[in-house]
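Student: just the structure for this:
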Amino acid sequence: MKRIALIIFLAFNAKVSFANNSYDSIHYFDEYKRDWALVEKNGLFGFIDRSGKEVVPAIYDRISYFDEYRSGWALIEKDGKLGFITQTGKVIVQPQYDRISYFDEYRKNWAKVEKNGLSGFIDRKGHEVLSTGKL
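Tutor: Purely as a prediction, here's the structure:
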């Protein structure tokens, strides 16, 4: 029993190497997206696929679950700025906003964004469609 407890302790507290990358932790596969696992390295987050290939580099301070804000997208945070990635791992909205609301909250197919005290909206393609000043 002590041996099992020791193995479990070591497994959770050791760095995990996967496909030539060393991660501080690897979360469960399929939790965020099918066949992907959230990884953490030096306090930053990204994703790997089941083969261990890094599909989203571990460069983000935070990554939300897919589909929370818009179907197929996950909110990302880097250096205090917010943006989105797609389920292919592509950055669709660069991390540049201070706040982003949920899509359809204010207007169908739009999300309110704020940057430097100014407000505007992005559409479902990630393009700015309306601003109250230069965002």
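Student: contact partners of stretch 58-76?
Tutor: Stretch 58-76 is touched from outside by 23, 32-33, 38-47, 56, 77-80, 82-87, 91-92, 95, 100, 102-103, 111, 124, with contacts defined as Cβ atoms under 8 Å, 6 or more residues apart in numbering. From N, CA and C alone the C-beta is placed, and that goes for glycine too.
Student: list the buried ones in it?
Tutor: Going by neighbour count (16 or more other Cβ atoms under 10 Å), the buried part of stretch 58-76 is 58, 60, 63-64, 66, 69-70, 73-76.
Student: do the same with stretch 111-131
Tutor: If you call a residue buried by 16+ other Cβ under 10 Å, then stretch 111-131 has these buried ones: 111-115, 119-122, 124, 126.
Student: can you show me the strands along this structure?
Tutor: For the chain, strands defined by DSSP state E occupy the ranges 16-18, 21-23, 25-29, 36-41, 44-49, 54-60, 62-63, 73-78, 81-86, 91-97, 99-100, 110-115, 118-123, 128-131.
Student: average pLDDT for the fourth one?
Tutor: Think strand 36-41. For strand 36-41, mean pLDDT is 97.
Student: got it, and the first one?
Tutor: When pLDDT is averaged over strand 16-18, the result is 50.
Student: measure the residue positioned nearest the centre of the chain to K115 for me?
Tutor: Closest residue to the average C-alpha location of the chain: I63 at 2.5 Å, with Cα atoms, centre = their mean. I63 is 20 Å from K115, where distance means Cβ to Cβ, to the nearest Å.
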